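J.: coordinates for the following, if possible.
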Amino acid sequence: MAVVGLALLAVVVLALLVLVHRYVWRRFVGDTTAPGSPLRRAGTVAVYVLPLLSVGALVSGRAGAPFWLQRVLAWPGYLWLAALLYLTLALLAGEAVRPLLRRALERRAGAAAPEAAPGAAPSVDAASPGSSGSSVVTEAPPAPAPAVPAGASALAAPSRRLFVARTVGGAAAVAGLGTTAYGTYGVLRGPRVKRVTVPLARLPRSAHGFRIAVVSDIHLGPVLGRAHTRRIVDTVNRTQPDLIAVVGDLVDGTVADLGPAAEPLAGLRSRHGAFFVTGNHEYYSGAAPWVEHVRELGLHPLENARVEIAGFDLAGVNDVAGESEGQGPDFGRALGDRDRSRAAVLMAHQPVVIDEAVEHGVDLQLSGHTHGGQLWPGNYIAELSNPTVAGLERYGDTQLYVTRGAGAWGPPVRVGAPSDITVVELASKQA
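T.: Now for the predicted structure:
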């Protein structure tokens, strides 16, 4: 049944993509270009090639394609997915403007049309000398219609339709592509630092002000590589944290392909070291080799394990995706035998494990995974499957902080959900 369900979902998604591309082609190409013109041919080719590149970008890694081919497909393929989203949204907004613009042009055409010329008054010719004295009535020739100034002439109906199509299409292209470009710049410039203070009832005064740099969802892969890692490391080190928590989804690929991209992580610096837990994408990429590799780089993996830090316990659990390999989260191993009088901070990639954290008396859970939605309006979709999409919330006696992450999955684009590295400062409530 699961296979049938996935097949049906794939058919629905494919049909939706076909319809969306057909709509985009019609509005940007079919309505604005002449049949057989070079522009129409180019637009038609693009509407077939771009989605094929997107499919290639999505499946090449899973299919074991060479890494160089993954990189070739990734940039155009993933960027088109983001551009398609915002071009479609812009066109849909333009549908409301389209009839208003048509009516405005029709009113202007009516105002510019020349009024009908009134019938000319008959002229009376005086009797010529020698005539009988009677007058001869003749019709004056009709006066020529007044000239309409250039620019005020009414557009013919076909011309009005073309003008509206090009105006709305041009505005939609600027809005959609501009949004995509700005979102790409936001990712490539690197994450910004956020700071949040979290009071913990059981934290001793000696640990008041302890600062944890929370980093998640770096997503090294065919798009984001070594330069991206270096930006993150430099940003983290500038905050001079007491401890660094890398909360999963470090990579989208194998150690063989992405090991060099991860090497700058060896430069992370803090008083109490850097710790790592797996995310769901590690299990897509080979979790065990990556755990060993980050250990070689100087990070300390917490695989359902716990360490004592000055003033509190730091625990980490494997991601729930590891259950398919028998390596899922084990809260008993990580937290079962600890001293409940001590504060506990838990590293767990996905926010959905917050209920288990509450049951085991965790004071603060640090998570990522959601990307804050990454691409608006994706935040509304993320809310359907995550208790918290971004920020700090309380669940019973446990607080949950979710970072938006330092990278991006798929399209290297973020809209309405800027990437961040969060410095969480722990505050003691004890006198």
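J.: hang on, Val424 is in a strand, isn't it?
T.: Yes - the assignment for Val424 (DSSP: H, G, I helix; E, B strand; the rest coil) places it in a strand.
J.: ok, Thr184 touching Val415?
T.: No - with contact defined as C-beta atoms under 8 Å, Thr184 does not reach Val415; the gap is 9.7 Å. Heads up, the C-betas are built off the backbone N, CA and C, glycines and all.
J.: confirm Arg271 sits in a helix?
T.: No - according to three-state DSSP, Arg271 belongs to no helix; its state is coil.
J.: ok, now how distant is the nearest residue to it once chain neighbours are set aside from Ala213?
T.: Once flanking residues are discounted, Arg271 sits nearest to Asp242: 4.9 Å by C-beta to C-beta, 6 or more residues apart in numbering. Remark: distance between Asp242 and Ala213 (C-beta to C-beta, to the nearest Å) = 9 Å.
J.: which residue of the two possesses the greater neighbour count?
T.: Ala213 (24 against 19; other C-beta atoms under 10 Å).
J.: can you tell me the element that one falls in?
T.: Assessed by DSSP states H and E, Ala213 sits inside strand 211-215.
J.: quick one, helices of the stretch 251-400 of the chain?
T.: For the stretch 251-400 of the chain, applying DSSP state H, counting those that start in this stretch gives helices covering 255-262, 280-285, 287-296, 331-335, 354-359, 378-385.
J.: for the residue most central in space within the chain, list each beta-bridge partner.
T.: Residue closest to the mean C-alpha point of the chain, counted by C-alpha atoms, centre = their mean, is Leu375 at 2.3 Å. For Leu375, the beta-bridge assignment (DSSP bridges) gives partners Val415.
J.: roughly how far apart are it and Ala82?
T.: 6 Å.
J.: got any residues that touch both of those two?
T.: Gly183, Pro411, Val413, Val415 (C-beta atoms under 8 Å, 6 or more residues apart in numbering).
J.: re earlier: against which helices or strands is the strand holding Ala213 packed?
T.: helix 226-238, strand 243-247, strand 420-428 (3 or more C-beta pairs under 8 Å, 6 or more residues apart in numbering; DSSP states H and E).
J.: deepest of these, which one?
T.: Stretch with highest mean neighbour count among the helices and strands packed on strand 211-215: strand 243-247 (a mean of 27; mean count of other C-beta atoms under 10 Å).
J.: before we move on, back to that, I'd like the helices of the stretch 251-400 of the chain as TSV, with distance to Gly94 appended.
T.: Output for those, formatted as TSV (distance: least, C-beta to C-beta, whole Å):
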stretch	distance to Gly94
helix 255-262	40
helix 280-285	36
helix 287-296	45
helix 331-335	51
helix 354-359	42
helix 378-385	22
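J.: most packed of the ones you listed?
T.: When those are scored by mean count of other C-beta under 10 Å, the highest mean neighbour count falls to helix 280-285 (a mean of 21).
J.: average pLDDT across that one?
T.: Mean per-residue pLDDT for helix 280-285: 93.
J.: which other residues reach it?
T.: Counting by C-beta under 8 Å, 6+ apart, residues outside helix 280-285 touching it are 62, 219, 248-254, 290-291, 319-322, 324-325, 327, 349-350, 369, 409.
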